[in-house]
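Participant: Model the structure of this input:
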Amino acid sequence: MKLGYKKHLSVFIFYSLANALNKGLSILALPILSGFLSIDEFGIWSLSHVSLVVIAPLISFNGYASILREGVGNKELAWSVLKKYLKVTLLISLPIVLLGAFYFYSWIFLTLLLASAEAFQTLLLGWYRSQDKHISYFLISLIKITSIVLAIYLLNDVNLISILQYQLYISTTLLLFFLIMILLQNNKLVGVDFNVRDIFVFSILLIPHNVSLWILSSSDRFIIKSLVGEYLLGIYSICYSIGLVIMLLNTGIAMVLPNYIIKSYTIYMKKSVRFKLIIAYSFLVMILNILIFITVKYFKNYFEFLQPLTNEFTSVILWVINGLYLLGIYYFYSNILFYQRKAKLISGSTLTVGLINIGLTLFFVPTYGIFGAAITTFISYLIYLIFVFYFAQTIEKKLRQDILPLSLLIIVTLVVNYGFFNFIHS
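Facilitator: So this is what the prediction gives:
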């Protein structure tokens with residue numbers, strides 16, 4: 001059985017673009033929002049945006065994971081699991097909607113309402129992923145984000161609350177459209193019985209994983225806001241958003257690998273196959289690192305949001321990029337645990353690293369400011385990779401042969417990234 005590079009490259013590109021749109025809204029919105037919101041307000045908006053990542057899985061009981069894990073190659077089972085999670089999510093969302101109606105001008109409650117819409121959307125996206133409908137997956141994200149960006153651009157009275165409200169209007173409208181479309185397209189599909197307890201336990205056990213991922217990627221915003229103020233929160237949010245360009249690659253990997261490994265686990269466990277992917281990923285990270293710092297250095301005057309970034313602040317981007325690179329390497333090994341249904345190991349390692357991240361952030365930020373938060377991001381993702389690799393190699397002993405070449409590859413990539421940063425800022 002061949003790897004099918006062309007097919008997987010196509011899927012990778014569509015998923016990367018979709019998630020760049022869906023989760024990279026902060027990057028796309030930067031040029032527009034910088035003209036309307038203060039740095040303080042952008043920090044709050046960014047805080048609201050990243051909070052959706054942790055709240056939405058709580059509302060949907062993380063059904064996305066179960067739909068994907070059980071639905072690949074089994075459309076009837078995927079359909080049955082999707083309908084069950086839709087009912088549960090609706091039940092949990094109702095009190096949030098009723099409460100949010102009374103606090104429609106609070107950014108906190110608007111965030112909760114957006115999270116409810118996001119919870120339903122993740123279930124639908126899980127369905128599309130399980131059925132390898134990457135084009136449909138991409139179209140949902142494209143239409144949603146394009147509509148939101150256009151609405152922000154065309155608004156007459158732009159402020160933090162109005163932007164969040166328009167996000168909610170558009171997200172809800174599109175959600176209803178795609179939900180009705182999916183239900184009509186599959187209304188004749190016959191469901192199957194499944195062990196509700198086992199499937200719900202699997203997805204629920206991964207909730208600490210999602211919460212801890214949010215701690216790793218977003219909790220530093222709350223700590224920065226509390227310890228050094230909203231202005232530096234805004235600067236850090238800009239730096240982190242620029243570094244998130246690396247997530248163009250990471251999200252594509254995170255979306256493509258689970259399906260591929262479930263279908264072709266034996267092939268993926270061949271070192272030659274696995275390392276071709278890891279080497280290609282590392283090379284692309286180095287290229288993006290170069291492009292990012294060329295843009296920040298030489299096109300600073302063309303983008304208003306880049307102008308507050310001094311050389312010291314720019315170094316924050318480097319640490320974020322390198323940290324996210326380690327996160328990308330993590331995906332190549334964590335999905336082996338996902339295939340083996342080792343939800344406890346995945347959640348346990350993520351929760352442990354999340355707690356370490358909080359401790360390190362509280363230690364470094366008072367002394368080093370947002371630079372300390374960026375260093376913490378790098379250290380945390382390094383520990384995260386070590387934990388997951390250790391657990392993966394206890395299950396698959398052959399992974400131990402990856403230790404030396406993987407270590408060398410990571411060192412080379414980090415040295416190149418750091419070297420170019422120093423060169424362009426010398």
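
Participant: contacts and neighbour counts: CA atoms only from here.
Facilitator: OK.

Participant: what's the model's confidence in the strand or helix carrying Ile294, averaged?
Facilitator: Assigned by DSSP states H and E, Ile294 falls within helix 271-298. The average pLDDT within helix 271-298 is 90.

Participant: Now the element after that helix, going C-ward?
Facilitator: helix 311-339.

Participant: what packs against that following helix?
Facilitator: helix 230-243, helix 247-263, helix 271-298, helix 343-368, helix 370-395, helix 403-424 (3 or more C-alpha pairs under 8 Å, 6 or more residues apart in numbering; DSSP states H and E).

Participant: go with 7 Å
Facilitator: In terms of contacts (3 or more C-alpha pairs under 7 Å, 6 or more residues apart in numbering; DSSP states H and E), helix 311-339 is packed against helix 230-243, helix 247-263, helix 370-395.

Participant: Compare those helices and report which one is nearest to Val190.
Facilitator: Between Val190 and the helices and strands packed on helix 311-339, the tightest spacing by C-alpha to C-alpha is seen for helix 247-263, at 23.1 Å.

Participant: just checking, what packs against that closest one?
Facilitator: On a contact count with 3+ C-alpha pairs under 7 Å, 6+ apart, helix 247-263 meets helix 5-22, helix 311-339.

Participant: By mean pLDDT, show me the worst of those helices.
Facilitator: Lowest mean pLDDT within the helices and strands packed on helix 247-263: helix 5-22, at a mean of 60.

Participant: measure Leu326 to Phe177 for me?
Facilitator: Leu326 sits at a distance of 38 Å from Phe177 (criterion: C-alpha to C-alpha, to the nearest Å).

Participant: Neighbour count for these two, which is higher?
Facilitator: Shown here are Leu326 and Phe177; by other C-alpha atoms under 10 Å, Leu326 has more neighbours (23 against 10).

Participant: Show the pLDDT at the residue lying closest to Leu362 once chain neighbours are set aside.
Facilitator: Nearest residue to Leu362, sequence neighbours excluded (C-alpha to C-alpha, 6 or more residues apart in numbering): Ile223, at 7.1 Å. Listed pLDDT for Ile223 reads 87.

Participant: Measure how buried Ile223 is and give me the count.
Facilitator: Residues lying near Ile223 (other C-alpha under 10 Å) number 19.

Participant: Please state the backbone phi and psi of it?
Facilitator: With angles defined as degrees, to the nearest 10, Ile223 sits at phi -70, psi -40.

Participant: same check, this time on Glu396
Facilitator: Torsion angles at Glu396 (phi, psi; degrees, to the nearest 10) stand at phi -120, psi 100.

Participant: Likewise for Gln340?
Facilitator: Per degrees, to the nearest 10, the backbone of Gln340 is at phi -80, psi 0.

Participant: Check Arg341 too.
Facilitator: The phi and psi values for Arg341, taken as degrees, to the nearest 10, are phi 60, psi 40.

Participant: count of neighbours near the residue nearest to it when sequence neighbours are not counted?
Facilitator: Closest residue in space to Arg341, ignoring its immediate chain neighbours: Phe202 at 7.7 Å, by C-alpha to C-alpha, 6+ apart. Other residues near Phe202 number 19, with proximity taken as other C-alpha under 10 Å.

Participant: mind checking which helix or strand Phe202 is in?
Facilitator: helix 196-205.

Participant: And that helix, what does it pack against?
Facilitator: Helices and strands touching helix 196-205, by 3+ C-alpha pairs under 7 Å, 6+ apart, are helix 63-71, helix 343-368.

Participant: Most tightly packed of those helices?
Facilitator: With neighbours taken as mean count of other C-alpha atoms under 10 Å, the helices and strands packed on helix 196-205 reach their highest mean count in helix 63-71, at a mean of 24.

Participant: who touches it?
Facilitator: Contacts to helix 63-71, defined as C-alpha atoms under 7 Å, 6 or more residues apart in numbering, come from residues 77-78, 81-82, 85, 122-123, 126-127, 129-130, 199, 202-203.

Participant: re the thing from before, take the helices and strands packed on helix 196-205 and lay them out in TSV including mean pLDDT and distance to Gln165.
Facilitator: Output for these, formatted as TSV (pLDDT from 0 to 100; distance: least, C-alpha to C-alpha, whole Å):
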stretch	mean pLDDT	distance to Gln165
helix 63-71	82	25
helix 343-368	89	31
